[in-house]
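Sequence and predicted structure below; questions after.
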Amino acid sequence: MEMLDLISSVDLREFRGIKSLEKPLPLKRFTVLLGENACGKTSVLDALSLLPHPNAPTPKPLNVVKDCGHRAEVLKTIRGRFESLVYGYEGEAVVHASVGGREAVLEVSSKGFGRARGDGSRSLDVGEACTAFGLDVDDVVYLPSSGIFVRALEGGLYSQWPMVEKRGAHTAASEVFGDEVSEVVPRFNELFVRRVVGGISRYVRLRDVGALERTLLAVTWIEVLKPKVVLWDDVDAGLHQTAVKALAKWLSEGDFQVVASAHSPRTAELFKEAYAGDVQQLVLRKDLSDVVSFEQR
Ligand SMILES: Nc1ncnc2c1ncn2[C@@H]1O[C@H](COP(=O)(O)OP(=O)(O)OP(=O)(O)O)[C@@H](O)[C@H]1O
Ligand SMILES: [Mg+2]
């Protein structure tokens, strides 16, 4: 088993918009989820984001942000209600994942109750789930497509800035978007990017940067944590293909598994080039009973 395909499959029952999967999704070093709107891409990523335990602390420094303390809570914060995590807003959603050859079972109820089980049926607390599935709480990073989340992540990184700087993560974004950014810097209670314009440093508020904002924060965060798994919803949202290409190259050099959703098949092609072909595309399709099947490319 290679670290780069740590999570080798996922199966869902009654999770968000997915009643069930026709068969489990196989996951590779890099998997890009494609398919029409509402086919279930975000649902799959939301489900995986609960690993290793729905109540596990969110990766630092997001864990210090109000209403983002644990994994299920982050989903509640961005989707508005716990019930949204469960198909039909009532009952229990179940996620089965194969992690490093071990079976992880996660459950969340519409009441907000979260639980993890391993091979046996006994419930595992957060520490036991981490041990059982070989995942640390900071190993699985999720980048949902949400403005609320972007603000939370900015707040978390700002409030723990020494950690970011000590790990050299403040310059990571410049490796991806060199001409646009030389580093991320904290100023006046928020984050800015420093750009060099005509030989002079210019500081631009991160929230004035535009579509690159979420990508810059994400790259910085990933560099802080060096996680084992990166889950990235709408990875190409608002990005020009030059930016997608730069991001794909940076991700492909990282030592982590990636599951990302994209809207443009062109994005999938750019990732394929960056990963020297080592990219799996799963095109999801939802039928009239909300059962999701996939075509592997
Ligand atoms: N709790 C729920 N119960 C039933 N259906 C739901 C629930 N939450 C979302 N849905 C349905 O799931 C679909 C959205 O699924 P999802 O967000 O996973 O799709 P997606 O592939 O990410 O779509 P997009 O391309 O628009 O981002 C919508 O059809 C919505 O009606
Ligand atoms: Mg989506």
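Right, received. Where do you want to start? Since the structure is predicted, the reported quantities are computational estimates derived from the model, not experimental observations. Ligands and ions are numbered 1, 2, ... in the order given.

So residue 218 sits against residue 232, correct?
Yes: the pair residue 218 / residue 232 is scored as a contact, 7.0 Å apart, by C-beta atoms under 8 Å. C-beta here means a position set from N, CA and C on the backbone, and glycine is covered the same way.

tell me, what's touching these two both at once?
residue 143 (C-beta atoms under 8 Å, 6 or more residues apart in numbering).

neighbour-wise, which of these two wins?
Between residue 218 and residue 232, residue 232 has the larger neighbour count (other C-beta atoms under 10 Å), namely 26 against 22.

Phi and psi next, for the closest residue to the more buried one other than its chain neighbours.
Take residue 232 and drop its neighbours on the chain: the residue closest to it by C-beta to C-beta, 6 or more residues apart in numbering is residue 260, 4.1 Å away. Phi and psi for residue 260, reported as degrees, to the nearest 10, are phi -130, psi 150.

the strands in the stretch 101-250 of the chain, which residues?
Counting by DSSP state E, counting those that start in this stretch, one finds strands in the stretch 101-250 of the chain at the ranges 102-109, 114-117, 123-124, 140-143, 183-187, 190-197, 200-205, 229-232.

For residue 288, find the nearest of those strands.
Closest to residue 288 of those is strand 102-109 (C-beta to C-beta; 25.4 Å).

how far away is the nearest residue to residue 227 once chain neighbours are set aside from residue 258?
Closest residue to residue 227 apart from its sequence neighbours, by C-beta to C-beta, 6+ apart: residue 141 at 4.4 Å. Computed as C-beta to C-beta, to the nearest Å, the residue 141 to residue 258 distance reads 10 Å.

Helix, strand or coil: sort out residue 281 for me.
On the three-state scheme (DSSP: H, G, I helix; E, B strand; the rest coil), residue 281 is labelled strand.

re the thing from before, can you redo the strands of the stretch 101-250 of the chain as JSON lines with distance to ligand 1 and mean pLDDT?
Below are the strands of the stretch 101-250 of the chain laid out as JSON lines (distance: least, C-beta to the nearest ligand atom, whole Å; pLDDT from 0 to 100):
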{"stretch": "strand 102-109", "distance to ligand 1": "11", "mean pLDDT": "96"}
{"stretch": "strand 114-117", "distance to ligand 1": "16", "mean pLDDT": "96"}
{"stretch": "strand 123-124", "distance to ligand 1": "24", "mean pLDDT": "96"}
{"stretch": "strand 140-143", "distance to ligand 1": "14", "mean pLDDT": "98"}
{"stretch": "strand 183-187", "distance to ligand 1": "27", "mean pLDDT": "96"}
{"stretch": "strand 190-197", "distance to ligand 1": "27", "mean pLDDT": "94"}
{"stretch": "strand 200-205", "distance to ligand 1": "27", "mean pLDDT": "95"}
{"stretch": "strand 229-232", "distance to ligand 1": "12", "mean pLDDT": "98"}
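
Out of those, the one nearest residue 34 is which?
That would be strand 229-232 among the strands of the stretch 101-250 of the chain, by C-beta to C-beta, at 13.5 Å.

Direction included, what does that closest one pair against?
strand 140-143 (parallel), strand 257-261 (parallel) (DSSP bridges).

Looking at this structure, what residue ends up closest to ligand 2?
residue 42 (3.2 Å; C-beta to the ion).

For that residue, which non-adjacent residue is spatially closest?
In space, and not counting its chain neighbours, residue 42 is closest to residue 233: 5.4 Å by C-beta to C-beta, 6+ apart.

Could I get the pLDDT score of the one you found?
Predicted confidence (pLDDT) at residue 233: the value is 98.

swap in the one 10 residues further on?
Predicted confidence (pLDDT) at residue 243: the value is 95.

got it, and residue 119?
At residue 119, the model reports a pLDDT of 78.

Over to the one 10 residues further on?
pLDDT recorded at residue 129 is 97.

Report the contact partners of it.
So residue 129 contacts 52-53, 56, 104, 116, 118, 135 (C-beta under 8 Å, 6+ apart).

Same question for residue 253.
With C-beta under 8 Å, 6+ apart as the criterion, no residue contacts residue 253.
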